[in-house]
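J.: Provided below are the primary sequence and the corresponding predicted coordinates.
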There are 2 protein chains.
Amino acid sequence: MVLVSGLGLQHGDADVADCSCSRLNLTGWWLCPGHRFGGIVLFSLALREKPSPIPAELKGKAKTGFISWSRLHTLTMASEKPILYGYFRSSCSWRVRIALALKGISYDLVPVSLLNDGGQQFSAEFKALNPMQQVPVLKIDGITLSQSLAIIQYLEDTHPNPRLLPQDPKKRAQVRMIADHIASGIQPLQNLKVLKQMGEKKMEWAQTCIASGFQALEQILQHTAGRYCVGDEVSMADLCLVPQVSNAERFKVEMGPYPTIIRINKALLDLEAFKVSHPSRQPDTPAELRA
Amino acid sequence: MVLVSGLGLQHGDADVADCSCSRLNLTGWWLCPGHRFGGIVLFSLALREKPSPIPAELKGKAKTGFISWSRLHTLTMASEKPILYGYFRSSCSWRVRIALALKGISYDLVPVSLLNDGGQQFSAEFKALNPMQQVPVLKIDGITLSQSLAIIQYLEDTHPNPRLLPQDPKKRAQVRMIADHIASGIQPLQNLKVLKQMGEKKMEWAQTCIASGFQALEQILQHTAGRYCVGDEVSMADLCLVPQVSNAERFKVEMGPYPTIIRINKALLDLEAFKVSHPSRQPDTPAELRA
């Protein structure tokens, strides 16, 4: 019997009796709220092709769903790998995915839907990982980190190649300035929490915040940009830029006034690390949004 | 004649004829919108005890005010020093002031009032310094930086003693996580721009944002804190904590549920660098708010 305690639900709820034995290449799983989020608990025989029925004492308490064999294998066989808790469309999760891809760090993904179940980030299990109830979270080297830029800089400290912060302190400061400009100056103002508060004015508010942030950024880039945000090397600033442009597109921000932002964004999206980390290509991307 | 082009206005507008010759220990100054903000332009004899009258061609175009001799001396004699453009009550400016004080870096302050003149950060002169029209800005080593954490990390890179980021990468990541938790997760949600949008609900909104951020922070600190936010050494996280607690007090947030935050804040406020950088002790602190 395999018991996966986590939020990896990908195909919606289903009846346990169905999923536990009848589907080829799928095994049943159930999420037991009593277990610490993200852990994987194996009872009896792990990874049997046809897992045992759900234990009687969990019936009614557990949510049920499907998980593919390959994903289950990844989750169970690679517990030493970093685990990223993220959401396909979260711009902050995307920043971290790009860093992991650029640095060639393989990781396990546990999707945390910000929409399903009233927001899985609000579950007690996820709150134990990040009391702020936001994605991304990275479990790595025995610590649990939240805040995308702190995560990226930890990856930079521990996996310095390729560099995401230039060696020259002045250029490094410019990279951090642009990254913070987006991560503190734009994104928080148009995140879910604030938008909910804005009610009907939500779209207009998001557009205003992004547009004023981009107006400033366009000017800053006149002093710093080469092929990318700062010079000709991909940096942490670029990891923030691309997801924010994607947010701008979702909120239908008029991009005409920002030719430099558009140019850099386009150059970055050509890079493999930006492609594989794209929201349209994640395990939790809904079918209708897949590339 | 001395012409100071900047936003150092400290005592309100005044008639040039008054201030240019009659007051002991004061010299007249005028702000000419045509000059790049923050620069100091000297015509004729600099620092004459009784500066010449305002040139006819600037009359009507220029704002006038007072500046003390000692301040003018600081501004004119020490152009190699870093210049901090800040506001006494801005929590982000305060973060940078603490860093400068801890590292023993002397600097010149140019106050930018977020309230006077409809917000001096919106002037064309200031926008040329920071297109995002926010304080703080630091001019240092020939570059102009905005974003408080980018500034602090530049100071850390160039003036490594005393350290504000621990040597151990895991502890460093925790410091950055807490700093970003405040700088991206709390402060931007209760800044002037968002509060204006909230209208009558402004106080309640600020309280909600700070309280939910502090609830999370209180839990994070259970894993990281010693005497200060991360272990027993003052770090960048502490530079963010104290100004945010001050904001919480301004917005009358009930602090009872956050004993760890209160304890650390108190310990930090005992340190000289936190005292000298306090909003109640800045050159632009209004008399009624002075310590």
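T.: Great, that's in hand.
J.: So, low pLDDT: which residues of the stretch 1-150 of chain A?
T.: For the stretch 1-150 of chain A, the stretches with pLDDT under 70 are A:1-79.
J.: Please identify the residues of it in proximity to chain B?
T.: A:130-134, A:141-143, A:145-150 (C-beta under 8 Å from any C-beta of the partner chain). Yep, even glycine has a C-beta here, placed from its N, CA and C like the rest.
J.: Now secondary structure too, for those, in JSON lines please.
T.: Shown next, in JSON lines, are those (DSSP: H, G, I helix; E, B strand; the rest coil):
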{"residue": "A:Asn130", "secondary structure": "coil"}
{"residue": "A:Pro131", "secondary structure": "coil"}
{"residue": "A:Met132", "secondary structure": "coil"}
{"residue": "A:Gln133", "secondary structure": "coil"}
{"residue": "A:Gln134", "secondary structure": "coil"}
{"residue": "A:Asp141", "secondary structure": "coil"}
{"residue": "A:Gly142", "secondary structure": "coil"}
{"residue": "A:Ile143", "secondary structure": "strand"}
{"residue": "A:Leu145", "secondary structure": "strand"}
{"residue": "A:Ser146", "secondary structure": "strand"}
{"residue": "A:Gln147", "secondary structure": "coil"}
{"residue": "A:Ser148", "secondary structure": "helix"}
{"residue": "A:Leu149", "secondary structure": "helix"}
{"residue": "A:Ala150", "secondary structure": "helix"}
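J.: hang on, A:Leu129 packs against A:Gly86?
T.: No. A:Leu129 is beyond contact range of A:Gly86, at 11.8 Å (criterion: C-beta atoms under 8 Å).
J.: max-length helix in chain A?
T.: helix A:202-224 (DSSP state H).
J.: Show me the contact partners of it.
T.: Residues outside helix A:202-224 that contact it (C-beta atoms under 8 Å, 6 or more residues apart in numbering or on different chains): A:174, A:177-178, A:181-182, A:185-186, A:189-190, A:194-196, A:198, A:229-231, A:244, A:247-248, A:251-255, A:257-261, A:264, B:130-133, B:197.
J.: Report the buried members of these.
T.: A:174, A:177-178, A:181-182, A:185-186, A:189-190, A:194-195, A:198, A:229-231, A:244, A:247-248, A:251, A:253, A:255, A:258, A:260-261, A:264, B:130-133, B:197 (16 or more other C-beta atoms under 10 Å in any protein chain shown).
J.: hmm, back to that, when A:Leu129 and A:Gly86 are compared, which one has more neighbours?
T.: A direct count of neighbours by other C-beta atoms under 10 Å in any protein chain shown for A:Leu129 and A:Gly86 places A:Gly86 higher, at 27 against 24.
J.: Surely the more buried one touches A:Gln134?
T.: No. The criterion here is C-beta under 8 Å, and A:Gly86 misses it with A:Gln134 at 10.4 Å.
J.: what are the ranges of the helices in chain A?
T.: Using DSSP H, helices in chain A cover A:16-21, A:69-77, A:91-102, A:124-129, A:148-158, A:169-183, A:192-198, A:202-224, A:236-250, A:259-269, A:272-276.
J.: could these be laid out in TSV, adding distance to B:Asn161?
T.: Listed next are these as TSV, based on distance: least, C-beta to C-beta, whole Å:
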stretch	distance to B:Asn161
helix A:16-21	60
helix A:69-77	45
helix A:91-102	29
helix A:124-129	35
helix A:148-158	20
helix A:169-183	15
helix A:192-198	39
helix A:202-224	28
helix A:236-250	25
helix A:259-269	36
helix A:272-276	36
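J.: worst average pLDDT in these?
T.: Lowest mean pLDDT within the helices of chain A: helix A:16-21, at a mean of 27.
J.: Any idea how far stretch A:240-253 is from the middle of the chain?
T.: Computed by C-alpha atoms, centre = their mean, to the nearest Å, the separation of stretch A:240-253 from the middle of its chain amounts to 15 Å.
J.: now swap in stretch A:241-256 and tell me
T.: Mean-position distance between stretch A:241-256 and its chain equals 18 Å (C-alpha atoms, centre = their mean).
J.: on that earlier part again, show me whatever sits in contact with both of A:Leu129 and A:Gly86.
T.: A:Val137.
J.: Hmm, A:Asp108 is touching A:Tyr85, no?
T.: No. A:Asp108 lies out of contact with A:Tyr85 (C-beta under 8 Å); the separation is 9.7 Å.
J.: And these two? Which one has more around it.
T.: A:Tyr85 (26 against 22).
J.: What separation do you get for that one and A:Pro111?
T.: 8 Å (C-beta to C-beta, to the nearest Å).
J.: Please apply the same query to A:His278.
T.: 15 Å.
J.: These two: which is more packed in?
T.: Neighbour tally, A:His278 and A:Pro111, criterion other C-beta under 10 Å: the higher count belongs to A:Pro111, 22 against 19.
J.: Need phi/psi at the residue nearest to the more buried one when sequence neighbours are not counted.
T.: Computed as C-beta to C-beta, 6 or more residues apart in numbering or on different chains, the closest residue to A:Pro111 that is not its neighbour in sequence is A:Asp284, at 3.4 Å. Main-chain torsions, A:Asp284, degrees, to the nearest 10: phi -100, psi 10.
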